[in-house]
Every structure is written in structure tokens, then in C-alpha cells.
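kindly generate the corresponding structure for this input.
(one chain, ligands or ions: 1)
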Amino acid sequence: MIGKFISLEGVDGAGKTTHLEYLSDYLVQRQLTVLVTREPGGTNTGEQLRSILLDATEPIAPLTELLLMFAARAEHVQKVIRPALLAGTWVLCDRFTDATYAYQGGGRGIDPRKIEVLERMTQGDLRPDLTFLLDLPVEIGLTRRRGLDRARDRFESLDLEFKQRVRLVYLARNEAEPRMHCMDGTLSIETIQDEMRKKLEQLLEESTR
Ligand code: TMP
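Down below sits the predicted model:
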């Protein structure tokens, strides 16, 4: 594969959106073709599934939630991510399967071995080349989200304990996965982006070797 696959993760309110824009601008400046996408979503069907998944008014079973996440991912991987990477495009994805381990595994309590089976079915050996994890205490994430002028979605509506479990799984995965790079989400935007730029430069160097 010629393009590189970068994902961005973190608890809700960690500031992913701001940083995604920065990463994209930086790579475009370096003359790369970039695709910014998100999960759940990234295709027409995926975005429809996203509406169901985030709809806080209609309860769904944890297993349904897990399968819909992977249904959206199957569309995304087959129709968007793989073709883009094969064409040499760098893919920047707002969340990917680490989020499933964190939210459905840690948060909902689904056995990670079940997630692994679906991961293999859906992605084969496709994994991000680099994953930025923006870590911060969940209370801070919650405070940042309080300013929103829209209704909270299914995951934003969950309690602090759920979010703590999500955070712990993200941190455990960061320990286990060398592709993950954890950053303190409470630091200034400039400090975080300086660090991101250094990691991107490393990846660019590796990709041209
Ligand atoms: P966003 O708010 O960052 O766009 O993400 C949408 C929500 O979906 C977020 O609260 C995390 C959740 N999510 C999961 O629970 N599992 C997943 O696999 C993904 C990709 C997202």
C-alpha cells in the first residue's frame, strides 16, 4: 500500500476535530493527496448507520451496536479506505476500531475476543499505520461538551463510569500497540500539534525510504 492510514482517537471532548484539520493541512502542504473521513460513517450507508448509532432516543442492545459499528466499517474499508490507500492517498480517519475496543469493549463490557473476530472479518490485516490518542480526564471532556448547543448523542449521554472505562481501554491499548501515540489532551493546541508534526515527519520519512 502506498498511502498511509492515520486514525485519531480519544474520549468525547478531547478535541479531535481541531487536530484533524491541522493534520490534513500539514499533509496537503507536503504535496500529499489526503482524504479526511470518520467512523461511524464515511459512506452513504455508513452515515445512515451513524444516525441510528448516535440516536439517543432509541435504545439498542450492545450486540446490535457492535454489529452496526462493524457494518458501517465494512462499507468504509471496502469502498473508501482500501481504494484510497491503494491509489496512494493518505487517509485521516476520525476514530477507527480502537474506538470499538474502548466503547463497546470497555464501555459496554463486550468480550474483546468477539471484537477481534469481527475486526479480522472486516479488515483482514488492515490497521492504521499511526494512531494519535488524545487523552484527558473524562470530567474535562464532559465540561468541554457542556457548551454544545445540540442534544447529546447516545454516547455523550452516558455516565462518567462508562467514560472512565472507555479511557482505561484506550490507555491499555496505547501500552500494547506501538502504532499508537498518546498525547495529553489538556496541553495547548500548539504543543499537541508540534508533537503531531514530529510523528508525521517520521512517518513521511519511513514512507519514502
Ligand atoms: P464522534 O463524536 O467522535 O464523531 O464519534 C461518535 C461516537 O461514536 C463517539 O461517542 C464514539 C462512538 N463510537 C463507538 O462507540 N464505537 C466505534 O467503533 C466508533 C468508531 C465510535
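
what does stretch 191-209 rub up against?
4, 6, 15, 19, 22-23, 26-27, 30, 129-130, 132, 134, 181, 183-185 (CB atoms under 8 Å, 6 or more residues apart in numbering). C-beta: built from backbone N, CA, C; applies to glycine.

hang on, I meant stretch 40-51
Contact with stretch 40-51 is made by 39, 53-54, 68-69, 71-73, 75-76, 79-81, 93, 95, as judged by CB under 8 Å, 6+ apart.

mind doing that once more with 7 Å?
The contact list for stretch 40-51 (CB atoms under 7 Å, 6 or more residues apart in numbering) reads 53, 68, 69, 71, 72, 75, 76, 79, 80.

quick check: ChimeraX command selecting the buried ones in these.
In ChimeraX, this line selects whichever of these come out buried by 16 or more other CB atoms under 10 Å:
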select :53,68,69,71,72,75,76,80
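
which member of the contacts of stretch 40-51 is positioned nearest residue 140?
The closest of the contacts of stretch 40-51 to residue 140 turns out to be residue 53 (CB to CB; 24.6 Å).

please tell me how far the closest one sits from residue 136.
Distance of residue 53 to residue 136, computed by CB to CB, to the nearest Å: 23 Å.

for the helix or strand bottoming out on mean pLDDT in the chain, buried residues please.
When each helix and strand of the chain is scored by mean pLDDT, DSSP states H and E, helix 138-146 comes last, with a mean of 84. By neighbour count on 16+ other CB under 10 Å, the buried set for helix 138-146 is 138, 141, 142.

for whichever strand or helix holds residue 91, the distance to its chain's centre please.
Assigned by DSSP states H and E, residue 91 belongs to strand 90-94. Centroid separation for strand 90-94 versus its chain: 9 Å, with CA atoms, centre = their mean, to the nearest Å.

what lines up beside that strand in the sheet?
If you go by DSSP bridges, strand 90-94 pairs up with strand 5-10 (parallel), strand 34-38 (parallel).

show the contacting residues for residue 84.
Residue 84 neighbours (CB under 7 Å, 6+ apart): 3, 35, 91.

ok, residue 180 next?
With CB under 7 Å, 6+ apart, residue 180 has these contacts: 131, 133, 173, 174.

ok, it to residue 132 distance?
8 Å.

what residues sit buried inside stretch 110-125?
Buried positions in stretch 110-125, judged by neighbour count with 16+ other CB under 10 Å: 110, 115, 118, 119, 122, 123.

please, which helix or strand holds the fifth one?
When elements are defined using DSSP H and E, residue 122 is found to belong to helix 112-123.

tell me the mean pLDDT for that helix?
Taken as a whole, helix 112-123 carries a mean pLDDT of 98.

with stretch 170-177 instead?
98.

quick revisit: export the contacts of stretch 40-51 to a markdown table and tack on pLDDT, secondary structure and distance to the ligand?
Listed next are the contacts of stretch 40-51 as a markdown table, based on pLDDT from 0 to 100; DSSP: H, G, I helix; E, B strand; the rest coil; distance: CB to the nearest ligand atom, whole Å:
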| residue | pLDDT | secondary structure | distance to the ligand |
| --- | --- | --- | --- |
| 53 | 98 | helix | 6 |
| 68 | 98 | helix | 9 |
| 69 | 98 | helix | 4 |
| 71 | 98 | helix | 11 |
| 72 | 98 | helix | 8 |
| 75 | 98 | helix | 13 |
| 76 | 98 | helix | 10 |
| 79 | 98 | helix | 16 |
| 80 | 98 | helix | 14 |
